[in-house]
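> predicted structure and sequence below. I'll ask about it afterward.
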Amino acid sequence: MPPSYPPTFPATSAAHQQPPPPPQLSSSRRRPRVDSHSDPDTSDNTRTAANNSLGKRPRGEYTFSPSAQLPAPHQQHPFQTTMSAKAQGKRPEVIDLTQNSSPSRSFNSSIGGGGRPGGISGLQPHLGPRKLVIKNLRPTTSTQKAGADEYYSRTRADLDNALAAIFAGRPTGQPMERLYRGVEDLCRNGEAESLYNRLKERCDRWLTSDDGIGQLRKEVTANSTHLNEIEVTAAVMQVYQRWNARMLNVRKVYSYLDRSYLLLQSTIGKEDKGRQGVNDMGISLFRKAVFGPRSATKALPLGLMVLKGMITLVMQDRDPEQEHAMGGVDKVQLLKDSVTMLKVFGVYGKFFEPWFLEHSHAFYEEFAEQQSESCGLRDYIKHIDALLKQEEHRCDFYGFDSTTKRQLLRDAHQVLITNYSEKLLDSGSVAKLLEAEDVPSMKALYQLLKLSGLQNKLKEPWDSYIRKTGSAIVSDKARGDEMVIRLLELRRSLYIMIRDAFDQDEVYSYGLRESFGSFMNDSKSTSAWGTGTSKVGEMIAKYIDMLLRGGLKTLPKSLLSDNKDKANAERSGLAATGDEDSELDTQLGHALELFKFIDGKDTFEAFYKKDLGRRLLMGRSASQDAERSMITKLKGECGANFTHNLEQMFKDQELSKDEMASYKTWLAGTGKSTKGGVDLSVKVLSHAAWPTYNDVKVTLPKEVVEQTTSFETYYQAKHTGRKLTWKHNLAHCVIKARFDRGPKELLLSAQQGSVLMLFNDVPDDTPLSYSQISQATSLTGAELDRTLQSLACGKSRVLSKAPKGRDVSPTDTFTVNRGFTDPKFRVKINQIQLKETKEENKETHEKVARDRQLETQAAIVRIMKSRKTMGHAQLVAEVINQTKARGAVDPGEIKANIEKLIDKDYIEREEGNYVYLA
């Protein structure tokens with residue numbers, strides 16, 4: 001009776017080897033009969049083996065080899081204890097496969113004597129497969145064999161029908177599990193190779209049929225020029241997706257073949273040798289049908305159409321005006337799936353990548369040429385930057401290989417940036433971006449140049465713009481008062497450009513410092529002022545004076561620190577720039593940065609000392625801490641010698657306070673009280689430390705004269721041998737005045753106070769003429785004009801002038817303006833006292849020039865005293881080196897000073913050299 005299921009056959013351990021048919025186990029559960037012609041002990045072992053083959057619990061050892069000989073009873077080990085078969089069956093099974101014994105060596109199959117089967121041979125694969133031989137099994141009958149053949153035939157037919165149904169997209173007629181078991185049975189029956197060949201043939205037949213890509217391949221071969229590449233690509237992708245779905249079910253059915261037979265036979269990477277897995281076979285067949293075999297150097301026509309379609313999809317994706325859908329086809333998804341398909345087929349780097357890079361190169365050249373001709377630098381940077389970002393995003397989005405992305409971007413950088421570097425580095429175009437403070441465009445330009453390693457070449461147009469713009473600011477006489485503010489605004493904009501656009505690149509920071517130092521000391525720029533000394537140093541000193549008098553309210557908002565500066569200050573451990581004192585200190589530091597660039601530091605020193613004296617004497621400093629902080633900064637920059645006199649000025653201020661306290665005590669001790677309601681305060685200054693001020697003759701009111709005479713008597717009695725020189729033009733006073741709309745306190749200079757006090761001695765509304773005021777106060781000329789103009793023509797008009805006008809003439813008359821009003825109780829009218837006249841400015845520059853001549857002569861004498869003999873060129877170079885810290889000296893001036901020293905017999909000429917005379 002044929003079995004209802006396939007009989008179980010013993011499998012061999014060597015593939016493709018057909019051993020002699022071994023005895024088969026019957027499907028009956030009856031224990032097989034075992035002959036007892038061998039050693040009596042082997043009967044139990046044989047029975048145990050038979051029982052084990054039927055799933056029985058093992059009893060004893062049953063390992064046999066065809067080449068092994070059973071030992072005779074008398075060859076047993078003398079110490080081996082004989083056991084009954086029943087006792088042996090209860091012992092645990094121990095098999096040693098590691099013993100290297102000859103296969104012909106006899107062994108003892110019993111387990112007595114030491115507990116180790118000493119005659120069992122070790123594991124020796126070179127001797128061929130081992131098999132279990134069970135003797136006297138019931139042989140297979142012809143009926144059983146016929147039933148097995150019928151089963152295998154039916155299984156083959158079921159698999160063929162299942163394949164046809166899978167490829168047709170219909171359900172299989174048999175359950176997937178039964179089909180899987182059928183594949184397993186055929187493989188166990190030794191039909192794995194024929195099963196694989198038939199599967200491959202059926203897959204290839206369907207793939208090349210009209211249901212697959214056969215019809216599409218014919219149409220492409222017939223008229224490829226009239227077909228749409230994108231439509232062909234979409235059609236191939238649809239077939240590929242159907243193919244993947246079909247092969248998924250095929251892999252499920254043929255899983256056993258894939259895991260047992262093909263896994264051992266596959267040789268990955270060798271298409272026509274060995275056996276591939278089912279999945280690899282499906283990939284290989286589809287690749288061969290579309291692109292050709294792996295060894296092909298050129299794709300088939302259908303594959304070329306697919307590649308053209310993908311290139312067209314990429315080019316359309318680069319055009320923002322193109323639609324992303326065509327006839328129900330999603331172009332974006334189609335391109336992504338196509339790239340994945342090429343990677344699966346292994347033809348991405350072979351066919352697609354070179355072609356894609358070639359077309360991209362042509363696209364970049366056309367794009368760059370078009371944008372260069374039609375756009376300026378700003379738009380060109382914008383378009384190129386956007387294109388590069390899109391290209392990088394496209395490579396990531398569509399899944400291009402990293403090698404493709406790297407080569408693509410490198411080629412784009414070469415074509416779009418390097419080949420058009422002249423346009424990107426054009427000085428005029430870059431200057432327009434810098435002038436407009438276009439940080440985004442400059443940042444994009446810097447990043448583009450950095451991609452090609454050209455970022456340092458931007459330094460040349462950067463330096464050119466700074467020198468050109470700075471020179472124009474320095475030489476602009478019409479806006480001289482705004483010079484330092486404009487320079488700081490320029491520096492501020494450039495600093496923001498370095499911070500936000502150039503990633504704090506030190507190359508551009510160095511270029512900024514170098515360029516500022518160049519144009520600020522350029523004689524061509526400063527010669528427009530005709531001062532002979534550094535005009536920039538003078539204006540920096542006046543800017544610092546403005547800051548220390550008025551504070552931050554005098555600055556434009558463009559110079560104040562922004563949020564990024566405040567964050568950087570907090571991170572660096574400095575005080576928050578939101579604090580007004582800290583912000584003022586920051587702005588003073590910026591001004592000091594400009595001071596570092598100038599060579600004429602002696603000019604700065606002269607004007608700074610003069611302005612500092614005015615601020616201290618008139619009490620107009622916004623912050624004493626800021627004053628001392630500035631002195632500290634200058635000391636750190638120029639040394640203690642530079643700030644020695646400045647520090648002495650502050651000491652004189654403190655000593656004057658002590659002197660006045662002593663005078664008040666002396667005055668109270670003498671019984672003298674303050675007469676006329678005058679509260680005198682005197683500041684005694686050392687002549688050497690303070691700047692020189694012009695003497696202005698002025699007749700003070702008699703009440704003030706009495707107080708000054710009293711102080712002078714006290715001072716000369718206390719300090720014998722000292723002489724006081726009164727500087728009334730630097731004095732200021734507070735006068736209480738009564739107007740019709742209420743009393744006011746007027747803060748005036750000594751000259752203004754002397755003029756107003758004259759009206760106390762005349763009847764109300766009685767005018768005083770210009771000549772009368774001049775005769776009473778001893779003021780004449782421009783000094784009187786300035787004083788009367790500040791009282792009668794300024795913002796606060798406490799006097800009325802007849803006739804009315806902005807200028808003062810000798811024929812004018814003046815009366816008290818009783819209708820004067822001001823929202824403040826204390827009104828400042830002495831602003832004119834802080835302003836510098838043209839004569840004072842000219843005199844200061846001349847004094848600096850005279851001092852520079854003396855310093856130059858002193859440097860020449862020091863050098864010649866140490867060297868004794870020097871040539872002209874060497875001496876000039878050494879003098880410039882020693883005097884450059886104070887100010888730049890022209891070689892012509894050095895030569896003139898050498899001549900003066902020759903006339904004074906300090907040095908003499910001898911054979912073309914200069915010789916020092918002791």
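Structure's in. What do you need? If you're wondering where the values come from, they're calculated on a predicted model, not measured in any experiment.

> who touches the helix or strand where Leu388 lies?
Using DSSP states H and E, Leu388 maps to helix 377-398. Here helix 377-398 makes contact (CB atoms under 8 Å, 6 or more residues apart in numbering) with 314, 317-318, 335-336, 339, 367-368, 371-372, 375, 400, 404-405, 408-409, 412-413, 416-417, 420, 423-424, 426, 429-430, 432-433, 438, 441, 444-445, 447-448, 451. For glycine as for every other residue, the C-beta is placed from the backbone atoms N, C-alpha and C.

> likewise stretch 907-918?
With CB under 8 Å, 6+ apart, stretch 907-918 has contacts from 860-861, 864-865, 867-872, 875, 898, 901-902, 905-906.

> wouldn't Phe642 be in contact with Lys635 here?
Yes - Phe642 is within contact range of Lys635, at 7.0 Å (criterion: CB atoms under 8 Å).

> now the strands for the chain?
In chain order, the chain shows strands spanning 325-326, 329-330, 732-739, 742-749, 768-769, 799-802, 813-816, 826-828, 869-871, 907-910, 913-916, with DSSP state E as the criterion.

> now the fifth one: how far from the chain's centre is it?
To tie it back to what came earlier, the one meant is strand 768-769. 73 Å (CA atoms, centre = their mean, to the nearest Å).

> and that strand, average pLDDT?
What strand 768-769 shows for mean pLDDT is 92.

> point out the other helices and strands that that strand packs with.
In this structure, strand 768-769 makes packing contacts with strand 813-816, judged by 3 or more CB pairs under 8 Å, 6 or more residues apart in numbering; DSSP states H and E.

> quick one: distance of the strand it packs on to the chain centre.
70 Å.

> direction included, what does it pair up with?
According to DSSP bridges, strand 813-816 forms sheet pairs with strand 768-769 (antiparallel), strand 799-802 (antiparallel).

> switch the ones you listed over to JSON lines; also include distance to Met237 and mean neighbour count.
Shown next, in JSON lines, are the strands paired with strand 813-816 (distance: least, CB to CB, whole Å; neighbours: other CB atoms under 10 Å):
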{"stretch": "strand 768-769", "distance to Met237": "106", "mean neighbour count": "16"}
{"stretch": "strand 799-802", "distance to Met237": "97", "mean neighbour count": "19"}
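
> nearest to Asp581, of the ones you listed?
strand 799-802 (39.3 Å; CB to CB).

> quick one: distance of the closest one to the chain centre.
For strand 799-802, the distance to the chain centre is 67 Å (CA atoms, centre = their mean).

> what residues does it touch?
So strand 799-802 is contacted by 756, 767, 788, 791-793, 808, 812-817 (CB under 8 Å, 6+ apart).

> and what of stretch 816-829?
734, 739-742, 744-748, 752, 759, 764-765, 790-791, 794, 796-800.

> now the buried members of those.
Lys744, Leu746, Leu747, Leu748, Gln752, Phe759, Ser790, Leu791, Ser796, Val798, Leu799, Ser800 (16 or more other CB atoms under 10 Å).

> now do Ser374 against Leu758, distance only.
Taking CB to CB, to the nearest Å as the measure, Ser374 falls 77 Å from Leu758.

> mind listing what's buried in stretch 907-918?
Buried, per 16+ other CB under 10 Å, within stretch 907-918: Ile907, Tyr914, Tyr916.

> state the pLDDT value of the second one.
So the one you mean is Tyr914. 86.

> ok, Asn694 next?
Reading off the model, Asn694 has pLDDT 77.

> and it, what does it touch?
Taking CB under 8 Å, 6+ apart as the test, what Asn694 contacts is Asn729, Glu840, Glu843.

> any weak-confidence spans in the stretch 401-550 of the chain?
532 (pLDDT under 70).

> hmm, 90 instead?
For the stretch 401-550 of the chain, residues meeting the criterion pLDDT under 90 lie at 451-454, 475-482, 517-538, 547-550.

> follow-up on the earlier one: which ones among the contacts of stretch 907-918 map onto helices?
Ile860, Val861, Met864, Lys865, Arg867, His872, Leu875, Ile898, Leu901, Ile902 (DSSP state H).

> tell me who's in contact with the first one.
In this case it means Ile860. Contacts of Ile860 (CB under 8 Å, 6+ apart): Leu875, Val879, Ile894, Asn897, Ile898, Leu901, Tyr906, Ile907.

> distance check, Leu768 against Lys736.
The value you get for Leu768 to Lys736, if CB to CB is used, is 20 Å.

> Throw the ones in helices among the contacts of stretch 907-918 into CSV and include distance to Arg722 and pLDDT, thanks.
Listed next are the ones in helices among the contacts of stretch 907-918 as CSV, based on distance: CB to CB, whole Å; pLDDT from 0 to 100:
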residue, distance to Arg722, pLDDT
Ile860, 37, 89
Val861, 34, 90
Met864, 40, 87
Lys865, 37, 87
Arg867, 44, 85
His872, 48, 87
Leu875, 44, 88
Ile898, 41, 88
Leu901, 37, 87
Ile902, 41, 86
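
> who wins for neighbours among those?
Ile860 (26 neighbours; other CB atoms under 10 Å).

> Ala877 versus that one, what's the distance?
12 Å.

> so who does His728 touch?
Val696, Val698, Leu700, Ala750, Gln751.

> to clarify, my last question referred to Tyr240.
With CB under 8 Å, 6+ apart, Tyr240 has these contacts: Phe286, Met341.

> ok, how many other residues are close to the closest residue to Leu685 other than its chain neighbours?
Among residues not flanking Leu685 along the chain, Asp652 sits closest, at 5.1 Å (CB to CB, 6 or more residues apart in numbering). By other CB under 10 Å, 18 other residues sit near Asp652.

> cool, Met630 as well?
23.

> report the buried residues of the helix holding Leu388.
So for helix 377-398, counting by 16+ other CB under 10 Å, buried means 377-378, 380-385, 387-388, 391, 394-395, 398.

> how far does it sit from its chain's centre?
18 Å.

> ok so, going back, and the buried ones among the contacts of stretch 816-829, which is closest to Phe516?
Taking those together and measuring to Phe516 by CB to CB, the closest member is Ser790, at 38.2 Å.

> mind checking how far the closest one is from Gly805?
Counting by CB to CB, the gap from Ser790 to Gly805 is 15 Å.

> try Gln653
For Gln653, the distance to Gly805 - CB to CB - is 41 Å.

> what of Met237?
Counting by CB to CB - Met237 and Gly805 are separated by 93 Å.

> when those two are compared, which one has more neighbours?
Met237 (20 against 12).

> pLDDT at that one, what is it?
93.

> the nearest residue to it once chain neighbours are set aside: neighbouring residues, count only.
Of all residues not flanking Met237 in the chain, Asp337 sits nearest, at 5.6 Å (CB to CB, 6+ apart). Asp337 has 18 neighbours, counted by other CB under 10 Å.

> ok, the one 5 residues further on next?
Residues contacting Leu342 under the criterion other CB under 10 Å number 23.

> touching, it and Phe352? I think so.
Yes - contact status for Leu342 versus Phe352: in contact at 5.3 Å, counting by CB under 8 Å.

> name the nearest residue to Thr221, ignoring sequence neighbours.
Looking at Thr221 with CB to CB, 6+ apart, the closest residue is Pro301, at 5.4 Å.

> circling back to that earlier point, and of the contacts of Ile860, the nearest to Leu584?
Closest to Leu584, out of all of those and judged by CB to CB, is Val879, at 39.3 Å.

> how about the contacts made by that closest one?
So Val879 contacts Thr856, Ala859, Ile860, Ile863, Val889, Ile894 (CB under 8 Å, 6+ apart).

> ok, which of the strands of the chain comes nearest Phe291?
Per CB to CB, nearest to Phe291 of the strands of the chain: strand 329-330, 21.5 Å.

> how far does that closest one sit from the chain's center?
That offset, for strand 329-330, works out to 39 Å (CA atoms, centre = their mean).

> by contact count, what packs against it?
Counting by 3+ CB pairs under 8 Å, 6+ apart, strand 329-330 packs on helix 229-253.
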